[in-house]
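J.: Here is my input, please return the structure:
(one chain, ligands or ions: 1)
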Amino acid sequence: MSGPEDLLAALDPDQRAIAECLRGPVRVLAGAGTGKTRTITHRIAYGVRSGVYAADRVLAVTFTRKAAGELQGRLRALGAEGVRAHTFHGAALAQLGYFWPQFVGGPAPKVLSGKVATVSQAVESQGWRFGAEALRDIAAEIEWRKVSMLSIDAYARRVDDRALPSGMRAEQMVEAHRAYERLTDERRQIDFEDVLILLTGMLETEPRAALQVRERYGFFTVDEYQDVSPLQHALLRVWLGGRDEICVVGDASQTIYSFAGASSEHLLRFGSEHPGMRAFTLERNYRSAPAIVRAANRLMRDRPGALTLEPLREGGSDVAPLSWFGSEHDEAEAVAASIAERIHVGVPASEIAVLYRTNSQSALVEEALTRRGVSFRVHGGQRFFDRADVRQVVIMMRGQAKVADPRPLFQIVSDILRSAGWTAHPPETAAGRERWEAMNAILGLVDEMPPGAGVREFADELTARQNAQHEPTLDAVTLSAIHSSKGLEWSLVHVIGLVEGTLPIAYASDEAGLEEERRLTYVALTRAKEELRISGSGGRAGRRGGRPPSRFAAEAGLEPRPLDAVT
Ligand SMILES: Nc1ncnc2c1ncn2[C@@H]1O[C@H](COP(=O)(O)OP(=O)(O)OP(=O)(O)O)[C@@H](O)[C@H]1O
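T.: Sure, this is the predicted structure:
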């Protein structure tokens, strides 16, 4: 492998200055597509390979397992193997499991996979009945209280300012919180947020535990820092224990989890918490064609903390105005037809995404794509390496690695896939197709192996990817909620449902709510590299209606032309 300096050659001067600033505190304000992930991975790899960081003392933190997997994969590719990339939750869970037997005794309590079932029982124990939606709202409210670090009494003092499910009184909501906590205590269960709360408390009160963590981790990097919650922020502070070896990167315009307690204030006020801060800004956009960057800039113009992106790429066509349809059904059909046509002319399916505000919007597009035989993958569904068929193949590959096999790697791998049911031609059904694409993606990884690699190296690569949840690219169109698309990019992006009531969503009625919807739209638009298509429809499937186009289309300069509009 080349020397550490070569790593810097892949960066522009601004990015390079950040990579070379290896000691904290460092804050990077980076607009969409300006290479912030590239910059922080190179910075970490440069620090490791130049000997400033010991790889096993570096912790890179992100918000989703997918992002952590990506980060881990990119670091590995840059020769920073031993660095850990985790979500806050993943890192906290591992530490809690480690310290609990030492400082509390016995195994750590079981973590609930979700709250709604327990909330439902808690509500029932009070003799109340609420529908499924209200139960989800109560669970979300419990989450919000915990990530905001409010005790139930402190919450009770603020409950009057909170939006509650219809028919629910403020005292009932507070009592629901108490009943939920009683139930989980009795059952010795903890939830997602408790993991962070308990670990933070333990590190604050057990100096020996704090010392161990601080010895273990000396250098912290947090990606997407604009979405840090007060609870995550508190945990980060105890991890640091007064040290300044931290680099945070984020973009206030991409804060899309305020509803769940996140706040870009931590990013914007980082300097007052870390007075020696070295501040950097990245505004050159490498990702998107200029017309896409212009639309994104227009949408965010004059918003607090917004950066103005400078398009670096040249060419590309204009972004077409909002396509407006009579119904969601017609919109889904048109989007699927256009995608099928683009694939037909050679755009890889893996470079196409359909993004939407709420998960329920994907069903019509799924149907329309299935009818056209287009493979797709719903992002946020089952994780690649959790699929039973993929797990089986990984095990078979490890078994095969134990025997000396002189055949070329491609042949060995395709034979194993065949014995797991893979065929050279795709099956017709959607489920069969999904499985086929998964097998194909494994075969595709053979091409990424260095020349001369054998089945043992391949099995090791699969295992490393499995451990890091670093998924291969599937040859399929991605369907994703905008929230889950953060950090990702595709050549062609369709943003559907740009309609008042959907984006912005109906319940975002106050200023803060609308601004969050605007940022969500900004995240969606800035995922596109070459081509961005936006659409909406006046009527809901099966219903007549007259909802107008989203205000954000006009604000981005993409309002429907009068001729396109169907009223
Ligand atoms: N110096 C560079 N030279 C060439 N391409 C670059 C450079 N920096 C970034 N890019 C490209 O720009 C795109 C965006 O980079 P990256 O994914 O790191 O951005 P990001 O800032 O994390 O984006 P976002 O915040 O929107 O998710 C990628 O395709 C990346 O390869």
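
J.: Would you enumerate the residues in contact with residue 130?
T.: By CB atoms under 8 Å, 6 or more residues apart in numbering, the contact set of residue 130 is 123, 138, 165, 167, 168. (C-beta placed from N, C-alpha, C; glycine too.)

J.: Give me the neighbour count for the second one.
T.: I take that to be residue 138. 25 (other CB atoms under 10 Å).

J.: Could you do the fourth one as well?
T.: Residue 167: 11 surrounding residues under other CB under 10 Å.

J.: Name the SS class of it, please.
T.: coil (DSSP: H, G, I helix; E, B strand; the rest coil).

J.: got a list of what it touches?
T.: 130, 134.

J.: Before we move on, what's the pLDDT of residue 187?
T.: Per-residue confidence (pLDDT) for residue 187: 91.

J.: do you know how far it is from the ligand?
T.: 40 Å (CB to the nearest ligand atom, to the nearest Å).

J.: just to revisit the earlier point, go through the contacts of residue 130 and say which is closest to the ligand.
T.: Closest approach to the ligand among these (CB to the nearest ligand atom): residue 138, at 32.7 Å.

J.: host element of the closest one?
T.: helix 132-147 (DSSP states H and E).

J.: just checking, what packs against the longest strand seen in the chain?
T.: Longest strand of the chain, by residue count under DSSP state E: strand 528-539. If you count contacts as 3 or more CB pairs under 8 Å, 6 or more residues apart in numbering; DSSP states H and E, strand 528-539 packs onto helix 290-300, strand 323-327, helix 328-344, strand 490-495.

J.: circling back to that earlier point, got the buried residues for the helix holding residue 138?
T.: 134-147 (16 or more other CB atoms under 10 Å).

J.: can you count the residues close to residue 64?
T.: Neighbour tally, residue 64, other CB under 10 Å: 17.

J.: Skipping adjacent residues, who's closest to it in space?
T.: residue 87 (6.5 Å; CB to CB, 6 or more residues apart in numbering).

J.: Give me the spatial nearest neighbour of residue 287, chain neighbours excluded.
T.: Using CB to CB, 6+ apart, the nearest residue to residue 287 is residue 33, at 3.0 Å.

J.: give me every residue that touches the one you found.
T.: 285, 286, 287, 288, 293, 309, 489, 526.

J.: Check which helix or strand it maps to.
T.: Using DSSP H and E, residue 33 falls outside every helix and strand.

J.: Any idea which residue of the chain lies closest to the ligand?
T.: residue 35 (2.7 Å).

J.: Surely that residue touches residue 280?
T.: No: checked against CB atoms under 8 Å, the pair residue 35 and residue 280 is beyond contact range at 12.0 Å.

J.: So which of the two has more stuff around it?
T.: Between residue 35 and residue 280, counted using other CB under 10 Å, residue 35 has the larger neighbour count: 23 against 19.

J.: So what does the more buried one have for phi and psi?
T.: phi 90, psi 30 (degrees, to the nearest 10).

J.: repeat for the one 10 residues further on
T.: Dihedral pair for residue 45: phi -60, psi -40, per degrees, to the nearest 10.

J.: Now do the contacts for the spatially closest residue to it that is not a sequence neighbour.
T.: Distance criterion CB to CB, 6+ apart; nearest residue to residue 45, sequence neighbours excluded, is residue 78 at 3.7 Å. Contacts for residue 78 (CB under 8 Å, 6+ apart) come out as 7, 41, 42, 45.

J.: again, but for residue 272
T.: With CB under 8 Å, 6+ apart, residue 272 has no contacts at all.

J.: Numbering from 250 from now on, please.
T.: Let's use 250 as the start, then, which means that last one is residue 521.

J.: That one: which element?
T.: helix 519-522.

J.: helices and strands around the helix or strand just after that helix, which ones?
T.: Beyond helix 519-522 on the C-terminal side, the first helix or strand identified by DSSP H and E is strand 527-531. Strand 527-531 sits against helix 262-269, strand 275-279, with contacts defined as 3+ CB pairs under 8 Å, 6+ apart.

J.: What residues sit buried inside the helix or strand of the chain with the lowest mean pLDDT?
T.: Among the helices and strands of the chain, helix 679-696 carries the lowest confidence by mean pLDDT, DSSP states H and E, at a mean of 78. Buried residues in helix 679-696, counting neighbours by 16+ other CB under 10 Å, are found at 682, 683, 684, 685, 686, 687, 688, 689, 690, 691, 695.

J.: Contacts for it, please.
T.: By CB under 8 Å, 6+ apart, helix 679-696 touches 615, 619, 624, 626, 633, 636, 638-639, 642, 658-659, 662-663, 666, 669-672, 675-676, 707, 710-711, 714, 720-725.

J.: Now the buried members of these.
T.: Counted by 16+ other CB under 10 Å, those give 615, 619, 624, 626, 633, 636, 638-639, 642, 658, 662-663, 666, 671, 707, 710-711, 714, 720-721, 723-725 as buried.

J.: Could you tell me how far residue 558 is located from residue 283?
T.: Separation of residue 558 from residue 283 (CB to CB, to the nearest Å): 7 Å.

J.: any common contacting residues for the two?
T.: 532, 533, 534.

J.: just to revisit the earlier point, output the helices and strands packed on strand 777-788 as a markdown table; include the columns mean neighbour count.
T.: Output for the helices and strands packed on strand 777-788, formatted as a markdown table (neighbours: other CB atoms under 10 Å):
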| stretch | mean neighbour count |
| --- | --- |
| helix 539-549 | 23 |
| strand 572-576 | 20 |
| helix 577-593 | 19 |
| strand 739-744 | 24 |
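
J.: Now those in a markdown table, please, with extra columns for distance to residue 477 and mean pLDDT.
T.: A markdown table is the format used below for the helices and strands packed on strand 777-788 (distance: least, CB to CB, whole Å; pLDDT from 0 to 100):
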| stretch | distance to residue 477 | mean pLDDT |
| --- | --- | --- |
| helix 539-549 | 21 | 96 |
| strand 572-576 | 37 | 91 |
| helix 577-593 | 35 | 95 |
| strand 739-744 | 26 | 97 |
